[in-house]
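Novice: Turn this into a structure:
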Amino acid sequence: MKSSPLIFLFLLVLNFACTTKEEPTKQWYKGNLHTHSYWSDGDDYPEMIMDWYKSRGYDFIGLSDHNTLQEDEKWKLIPKSPSQEQAFQKYLDKFGDHVVYREDSAGRIEVKLKTLKEYGPLFEEEEEFLIIPSLELTESFQQKPIHMNVTNIQKLIPAEGGTSITEIMQNGLDRVKAQRDSTGIPMFLHINHPNFIWAITPEDIMTLKGERFFEVYNGHPLVNNYGDSLRPSMEVLWDLVQVSYLQANKPLLYGLAVDDAHNYHVFDQTVSNPGRGWVMVLADELSPSALIQAMEKGDFYSSTGVTLETIEFDGQELSVQVNPEPNVSYKIQFLGTKRSKPEASGVLLAEVDGTSGSYSLEEDDLYVRAKIVSSKLQENPFQVGDVEVAWTQPVVGN
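Specialist: Below you'll find the model as predicted:
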């Protein structure tokens, strides 16, 4: 029996439709993975902080208070200061129907802080805004602060201590991996502000197993982003560790930009404000699993203001396209390390003036990353005079 032409055509169209299934469209999502509230040492309520970020175009936030998850009952005594009393009034004006507070015997105000389950529904919207459960695992060794953020944590991981800085960090990595393996839920630990009180050296990070992320930029005024005459900047540290990791056949180390915001009422260089650093993640959807999967592939960049249109890497050539602002100039720097000179890490391999640039890896290149420097001064910067920049993640050739 012969098939009719119409049946043949239908089957052909059906087969074409099945074999050309459209890939999900990826898009850029803006987020900050390091932020504090009254649940630890921040100076504002979770709702006010979420409102600040959401109203300014952020897509996701990790509210990462020290050694605590926002899930138990906690009351905050409002300090006797004009700024804190004014902040309480603003909180009442905006969220009065949801605020629970009382007066103690001395007439001071105590506020019952909302848990994540309570304040999350006030802000979260599908494909609009996401709050990722987070925690800053806060430890110390010989009076040096060892801080590590856990993104998408599901159960409290308490501080455990250790006999060295490296052991404390490795313990954190191992416990996060154990929780991820037992729950099947994606999560990761990143090293916070290595230069905060000069606590963590490149050598401390080099021996770790399983670390993929650290903060190359942190908006807190005490983190020493730029190093000093004796100690490396965060970027120099990044390249030093990168060389060590690749020589040891470890995965690439990726760099995050974060606020580490604590202060939401006074804005200047003496305090840690929101809006100074963030990540832009290229993902299929706005969900913790999609964002983490994309970040673990290196599909994100970090920024203090510069926006990128595209980042492309075909295994040989790294290309960057800036989304430019009027009357702003851009310089695209390609930095990396030569296999033949690993001691000279993070050298400038090429530089392009303009809004687009590319670099083809040479056989001797161990890796390459791009830094985009603009002429625009950063609003409320980490340090007076800072211009807006962005960092792509490092890549290695095929």
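Novice: residue boundaries of the helices in the protein?
Specialist: Along the chain, counting by DSSP state H, helices occupy 5-19, 46-55, 82-95, 116-119, 165-183, 202-206, 234-247, 288-296.
Novice: So which of the ones you listed is nearest Leu349?
Specialist: helix 234-247 (11.9 Å; C-beta to C-beta). Where you see a C-beta, it was placed from the backbone N, CA and C, and this is true even at glycine.
Novice: Sketch out the low-pLDDT regions of the stretch 201-350 of the chain for me.
Specialist: The stretch 201-350 of the chain contains no residues with pLDDT under 70.
Novice: ok, Ile197 touching Lys144?
Specialist: Yes: Ile197 lies in contact with Lys144 (C-beta atoms under 8 Å); the separation is 6.6 Å.
Novice: Those two: which has the busier surroundings?
Specialist: Lys144 (15 against 12; other C-beta atoms under 10 Å).
Novice: The closest residue to the more buried one other than its chain neighbours: neighbouring residues, count only.
Specialist: Using C-beta to C-beta, 6 or more residues apart in numbering and skipping residues adjacent in sequence, the residue nearest Lys144 is Ala199, 4.0 Å away. Per other C-beta under 10 Å, the neighbour tally for Ala199 reads 20.
Novice: one step back: wait, which of the helices of the chain is closest to Thr304?
Specialist: The nearest among these, by C-beta to C-beta, is helix 234-247 at 12.3 Å.
Novice: Give the buried residues for that closest one.
Specialist: The neighbour-count check on helix 234-247 (16 or more other C-beta atoms under 10 Å) flags 234-235, 237-246 as buried.
Novice: And stretch 297-314, by the same measure?
Specialist: Counting neighbours by 16+ other C-beta under 10 Å, stretch 297-314 gives 298-308, 311, 313 as buried.
Novice: how does this structure divide up, domain by domain?
Specialist: According to automatic domain parsing, the chain comprises the domains 22-66+124-303, 306-398.
Novice: Distance to Ser81 added to these, as TSV?
Specialist: Listed next are the domains of the chain as TSV, based on distance: least, C-beta to C-beta, whole Å:
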stretch	distance to Ser81
domain 22-66+124-303	10
domain 306-398	22
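Novice: Highest average neighbour count across those domains: which stretch is it?
Specialist: Counting by mean count of other C-beta atoms under 10 Å, domain 22-66+124-303 has the highest mean neighbour count of those, with a mean of 19.
Novice: so how far is that domain from its chain's centroid?
Specialist: Taking C-alpha atoms, centre = their mean, to the nearest Å, one finds the center of domain 22-66+124-303 at 5 Å from the center of the full chain.
Novice: returning to what we had before: and the gap between the residue nearest to Lys144 and Asp44?
Specialist: Ala199 sits 26 Å away from Asp44, going by C-beta to C-beta, to the nearest Å.
Novice: Over to Asn263?
Specialist: Noted for Asn263: a distance of 8 Å to Asp44, by C-beta to C-beta.
Novice: likewise Glu235?
Specialist: According to C-beta to C-beta, Glu235 stands 31 Å off from Asp44.
Novice: next one: Ser345
Specialist: Distance from Ser345 to Asp44, by C-beta to C-beta: 40 Å.
Novice: List the contacts of Asn225.
Specialist: Applying C-beta atoms under 8 Å, 6 or more residues apart in numbering to Asn225 gives the contacts 195, 217-218, 233-234, 382-383.
Novice: how about a cut-off of 10 Å?
Specialist: 193, 195-196, 215-219, 233-235, 257, 277, 382-383, 386 (C-beta atoms under 10 Å, 6 or more residues apart in numbering).
Novice: which one of those sits closest to Glu362?
Specialist: Glu235 (21.6 Å).
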